[in-house]
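Enquirer: give me a 3D structure for the following:
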Amino acid sequence: MRQGNGALELGETDSVSDNLEALSPVTLLSIAEVFLRPGMTSIADGRDASPISLGRARCAAQILCLGAPLTAVANGAMMTVVLWYSLSVRLDRKEKPTPYFHIPSVGLGPFSVHAFGVIAALAVVLGVKATRHRAAELGLDVHVVDRLMPWLVLAVFVGAHLVSVVLYYPDEIIEDPLVLLRLWDGLSSFGGILGGLVAVYLFFRRLGIRKKHYVQALLFGTVVSLLVGRFGCAVTHDHPGKVTTCPLAVQGWPTAQTPERTLGFYTDGPRRHDLGLYEFLFLIPVTGILYALRQVRPFEHFHIVLVLLLYTPVRFCLDFLRVAEKQYLGLTPGQYFAVAFLVVGLGLAVWSRRHDVQRPPPAPA
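Expert: Okay, the predicted model is just below:
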């Protein structure tokens, strides 16, 4: 969401339905109880990292391959409903709302430093460190990761910007074609992921190195970068939602009549959903679950499947709370990307199950 002159040109819309009944999310502990059994397979060399009977391993793999995708989808769907419900509950008028925190840009000569730019740089640094650390854990060549990173970061920002402009603000291309070159002017998280995937494919194809193990490491860096990046969105309020009175809503959004603000907290404005804040809060448990299960790999691409099936249903539903967003056939570009990545996650789960079933058992030592 772009802002102009400190004001948002948004319509006053109602919050979503207030009549949903409270639902309890399906617990992830049932999955984790099976996942956390010993018997992780080393990605780097394919050898068993700890002794485990073949029968028990096959049984656990079958349970995980059959149940994990559906359970992850169920958790994502249930948490989405619960989140949707919590965002729709109306508050007593006496309760104090969360104030809008404004951080103005800081001028350094001819340049301006924005809070989101600083946090975005931090997201890149932490994402690179998380990727290198995970690659070392998997026994991969960290120098390969170092060679990839400059190209990957560039591709992420190019993809994020092009998808943002082309799909969300196509009219601006006609008015000012140079907007395509201003990489800092509008970013899309899904576009960044697509750009990164293209860079990874071209890089490893050129080097002739198998990329799938490195993709596992890059996943951890991507989730960390996304988490920190969404914190930047929450701090700078880049994704305003519909007007509401829900508990997590932020009050004090600027309007066309709002005077210029300085650093501080404000409540002189409408109360809206802050979708950057919501996604940041949701990514905290997603990141925690991913790292809690980092030593577990019941089937190939397990961690990718886990993240996709947990994240995409929630992202799809949160986009219904957006305002002034470009839509195609009633859905935002982000929702189409969410559906596409959900299908990819389900496809990887099915493919991994078939691949593991067809794989011959290891020869006895």
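
Enquirer: which SSE is the nearest residue to Ile193 once chain neighbours are set aside in?
Expert: Distances taken as CB to CB, 6 or more residues apart in numbering place Thr222 nearest to Ile193, at 7.1 Å, with adjacent residues excluded. All C-beta atoms are positioned from the backbone trio N, CA, C, and that covers glycine. Using DSSP states H and E, the element containing Thr222 is helix 212-236.

Enquirer: helix or strand next in line after that helix, which one?
Expert: Following helix 212-236 toward the C-terminus (DSSP H and E): strand 240-243.

Enquirer: and that next one, what does it pack onto?
Expert: Secondary-structure packing of strand 240-243 (3 or more CB pairs under 8 Å, 6 or more residues apart in numbering; DSSP states H and E): strand 271-274.

Enquirer: mean confidence score for whatever helix or strand comes next after the strand it packs on?
Expert: Sequence-wise, the next helix or strand downstream of strand 271-274 (DSSP H and E) is helix 275-292. Average pLDDT, helix 275-292: 95.

Enquirer: hang on, the residue nearest to Ile193 packs against Gly127?
Expert: Yes. Using CB atoms under 8 Å as the test, Thr222 is close enough to Gly127 to be in contact (6.7 Å).

Enquirer: and those two? which has more neighbours close in?
Expert: With neighbours defined as other CB atoms under 10 Å, Thr222 and Gly127 compare such that Gly127 has more, 25 against 22.

Enquirer: surely Val165 meets Asp171?
Expert: No. Taking CB under 8 Å as the definition, Val165 is not a contact partner of Asp171, at 10.0 Å.

Enquirer: between those two, which one's more packed in?
Expert: The neighbour comparison of Val165 against Asp171 (other CB under 10 Å) goes to Val165, with 22 against 8.

Enquirer: list the contacts for the more buried one?
Expert: Glu172, Ile173, Val179, Leu180, Asp185, Gly186 (CB atoms under 8 Å, 6 or more residues apart in numbering).

Enquirer: between the residues you listed, which sits nearest Arg205?
Expert: Among the contacts of Val165, Leu180 lies closest to Arg205 (CB to CB), at 26.2 Å.

Enquirer: just the pLDDT at that closest one, thanks.
Expert: Reading off the model, Leu180 has pLDDT 92.

Enquirer: over to Ala22?
Expert: 30.

Enquirer: ditto for Tyr201
Expert: For Tyr201, pLDDT reads 93.

Enquirer: spatially nearest residue to it (excluding sequence neighbours)?
Expert: Lys211 (7.2 Å).

Enquirer: surely Pro240 touches Arg271?
Expert: No. Under the criterion of CB under 8 Å, Pro240 makes no contact with Arg271, lying 10.7 Å away.

Enquirer: out of those two, which sits in the busier spot?
Expert: Each of Pro240 and Arg271 has its neighbours counted (other CB under 10 Å); Pro240 has more, 23 against 20.

Enquirer: and the nearest residue to that one once chain neighbours are set aside, bridged to which residues?
Expert: Counting by CB to CB, 6+ apart, Pro240 lies nearest to Arg272, which is 5.1 Å off, once chain neighbours are set aside. Beta bridges link Arg272 to Val243, Val250, judged by DSSP bridges.
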